[in-house]
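A.B. asks: Sequence first, predicted model second:
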Amino acid sequence: MMKRTIEYIKSGLLLLTAAAILSSSSCSGEDPQKNQDDITLDKTEITVSSDATTATVNVNATGEWGVGSNALDWCTVSPSGGLKGSSVVTVTIAENFTRSERETTINFRCGTARKTVTVKQDKKAETINVPDGYSLVWQDEFNDASVDATKWRFENWAPGYVNNELQRYVANGVLDGDKTAFCEDGILNIRAMKHNGQVISARMNTRTSWEYGYMEASIKLPKGKGTWPAFWMMPDDQSSGWPKCGEIDIMEEVGVDPNITSSSIHCESYNHVKGTQKTASRRTNGAEDEFHTYALEWTPNYIKTYVDGVLLLNFPNDGSGNVSTWPFNKKFYITLNLAWGGDWGGYAGVDESKLPATMQVDYVRVFQKK
């Protein structure tokens with residue numbers, strides 16, 4: 001009897017020891033389920049051209065999972081997560097307008113498991129489409145670290161100098177370290193911003209001028225009520241005064257009317273003071289979100305403007321030889337600027353909460369007949 005009792009006691013002690021071991025394992029912080037967390041992907045890298053595109057990642061997870069991108073401005077994912085089993089994630093990559101390669105990571109997680117996919121996108125190819133019958137005579141691709149002073153000169157104007165505009169145009173595109181014109185990743189940035197109680201911006205003129213030609217720029221417009229970006233031309237000889245000297249507005253837009261781009265011709269007979277200016281406008285969808293091309297074809301017989309290759313304004317020379325209707329037989333230079341407020345830009349007021357605002361220019365090119 002005593003012997004059997006001892007055997008029972010030994011058996012109980014063994015059971016208690018086994019329970020203690022299991023309990024110790026459970027309290028150690030290790031979760032058997034977590035140790036089984038896993039997520040597998042069918043790729044670890046996505047490499048694409050500069051064009052906008054999509055790619056897919058096949059996912060297999062042992063439980064609920066999630067995914068996120070480190071560059072939401074150009075690389076996004078959908079869906080943002082899922083449940084146990086197989087899924088497909090779509091990666092949407094925006095067009096790379098810059099002349100620099102870019103890279104980011106997409107991060108997957110399932111419990112304690114982590115996996116990443118690297119996304120690499122090529123830089124924009126520097127291709128130039130030459131119009132029929134023309135050759136390239138001048139260009140700025142803005143690949144330098146700063147604005148090329150041999151190609152551009154800056155205006156230095158106080159607020160209200162023209163069109164009741166509110167901004168101050170600063171010399172050399174910088175004031176007390178605040179840059180209103182600078183190059184970054186192959187893009188010219190013209191920025192309107194607050195500075196010591198005023199708004200400063202940049203107005204840039206080419207040092208070269210041309211008589212006739214095909215002028216083109218790729219531009220992304222700023223956002224915000226009060227912005228007034230422009231790509232336009234004025235003559236070297238302005239001795240006759242404005243508007244008799246002539247003005248060619250290739251592209252203008254005011255932020256209060258977003259994505260409505262326009263072209264205008266001003267001369268003594270046709271100008272906005274008289275309300276007789278020759279103007280054409282239309283909606284350019286995405287003008288404030290992506291780059292579009294704006295161009296001028298200027299010959300002795302006509303002035304035509306284009307948006308993304310589609311004709312916008314057609315102003316023929318009436319052939320009268322009258323400078324009041326055709327002062328466009330002399331050299332003009334190109335201007336890029338971002339105004340703030342003014343007679344047109346501020347016709348419905350301004351919204352300073354939208355500052356800083358930036359006009360971006362990928363390139364400016366000039367072609368002439370051979």
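C.D. replies: That came through, no problem. Because the structure is a prediction, the values reported are computed rather than measured.
A.B. asks: Looking at strand pairing, list the partners for Ile248.
C.D. replies: Beta-bridge pairing for Ile248 (DSSP bridges): Met233, Ile265.
A.B. asks: wait, it sits on Leu296?
C.D. replies: Yes. Assessed by Cβ atoms under 8 Å, Ile248 is found in contact with Leu296 at 6.4 Å. Placement of C-beta: from N, CA and C, glycine included.
A.B. asks: overlap in contacts of these two?
C.D. replies: Applying Cβ atoms under 8 Å, 6 or more residues apart in numbering, one finds that Ile248 and Leu296 are jointly contacted by Met233, Ile303.
A.B. asks: Helix, strand or coil: sort out the nearest residue to Gly309 once chain neighbours are set aside for me.
C.D. replies: The shortest distance from Gly309 to any non-neighbouring residue, by Cβ to Cβ, 6 or more residues apart in numbering, is to Thr293 (7.0 Å). Taking DSSP: H, G, I helix; E, B strand; the rest coil as the rule, one finds Thr293 in the strand state.
A.B. asks: which residues sit in contact with Thr293?
C.D. replies: Thr293 sits next to Glu216, Ala217, Ser218, Tyr306, Val307, Asp308, Gly309 when contact means Cβ under 8 Å, 6+ apart.
A.B. asks: Against Arg191, how distant is the fifth one?
C.D. replies: According to Cβ to Cβ, to the nearest Å, Val307 stands 24 Å off from Arg191.
A.B. asks: that older thread, relative to Val254, which of the contacts of Thr293 is nearest.
C.D. replies: Checking these against Val254 by Cβ to Cβ gives Val307 as the nearest, at 16.0 Å.
A.B. asks: Could you give the bridge partners of that closest one?
C.D. replies: Counting by DSSP bridges, Val307 is bridged to Tyr294, Val310.
A.B. asks: so it touches His292, yeah?
C.D. replies: Yes. Between Val307 and His292 there is a contact at 6.4 Å, judged by Cβ under 8 Å.
A.B. asks: Find the residues that touch each one of those two.
C.D. replies: Shared contacts of Val307 and His292 (Cβ under 8 Å, 6+ apart): Thr261, Thr284.
A.B. asks: Where do the strands of the stretch 251-370 of the chain begin and end?
C.D. replies: For the stretch 251-370 of the chain, the strands defined by DSSP state E, counting those that start in this stretch cover 260-266, 278-283, 292-298, 302-307, 310-316, 332-340, 357-369.
A.B. asks: Just give the closest residue to Lys124, not the sequence neighbours.
C.D. replies: Lys124 sits nearest to Ser50 (Cβ to Cβ, 6+ apart), 4.5 Å away.
A.B. asks: Just give the number of residues close to that neighbour.
C.D. replies: Residues lying near Ser50 (other Cβ atoms under 10 Å) number 18.
A.B. asks: For Ile248, see how far away it is.
C.D. replies: 32 Å.
A.B. asks: quick revisit: you'd agree the residue nearest to Lys124 is up against Ala94?
C.D. replies: No. Using Cβ under 8 Å, Ser50 is not in contact with Ala94; the gap is 10.0 Å.
A.B. asks: check contacts around His292.
C.D. replies: Ser218, Ile219, Lys220, Thr261, Thr284, Gly286, Val307, Asp308 are the contacts of His292 under Cβ under 8 Å, 6+ apart.
A.B. asks: Pick the one among the contacts of Thr293 closest to Lys124.
C.D. replies: Ser218 (10.0 Å).
A.B. asks: shouldn't the closest one be in contact with Met359?
C.D. replies: No. Judged on Cβ under 8 Å, Ser218 makes no contact with Met359 at a distance of 11.8 Å.
A.B. asks: Those two: which is more packed in?
C.D. replies: Taking other Cβ under 10 Å, Ser218 and Met359 do not tie; Met359 has more neighbours (26 against 19).
A.B. asks: partner residues bridging that one?
C.D. replies: When bridges are called by DSSP bridges, Met359 pairs up with Ile190.
A.B. asks: correct me, but it touches Thr180?
C.D. replies: No. Counting by Cβ under 8 Å, Met359 does not reach Thr180; the two are 10.4 Å apart.
A.B. asks: Now the common contact residues for these two.
C.D. replies: Common neighbours of Met359 and Thr180, using Cβ under 8 Å, 6+ apart, are Ile190, Arg191.
A.B. asks: so what's Asp37 up against?
C.D. replies: By Cβ under 8 Å, 6+ apart, the residues touching Asp37 are Thr62, Gly63, Cys110, Gly111, Thr112, Ala113.
A.B. asks: Buried ones among these?
C.D. replies: Burial by neighbour count, 16 or more other Cβ atoms under 10 Å: within the contacts of Asp37 this picks out Thr62, Gly63, Cys110, Gly111, Ala113.
A.B. asks: Show me the two of these that sit farthest apart.
C.D. replies: Across the buried ones among the contacts of Asp37, no pair lies farther apart than Gly63 and Ala113, at 8.9 Å, counting by Cβ to Cβ.
A.B. asks: Retrieve the pLDDT associated with Pro131.
C.D. replies: Each residue has a pLDDT score; the one for Pro131 is 88.
A.B. asks: confidence score at Asn96?
C.D. replies: We have a pLDDT of 88 for Asn96.
A.B. asks: give the contact list for it.
C.D. replies: Contact analysis of Asn96 by Cβ under 8 Å, 6+ apart lists Ser50, Trp74, Arg102, Gln121, Asp122, Lys123, Lys124.
A.B. asks: Next, format those residues as TSV and append secondary structure and distance to Lys331.
C.D. replies: Shown next, in TSV, are the contacts of Asn96 (DSSP: H, G, I helix; E, B strand; the rest coil; distance: Cβ to Cβ, whole Å):
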residue	secondary structure	distance to Lys331
Ser50	coil	36
Trp74	coil	41
Arg102	strand	40
Gln121	strand	41
Asp122	coil	39
Lys123	coil	35
Lys124	coil	32
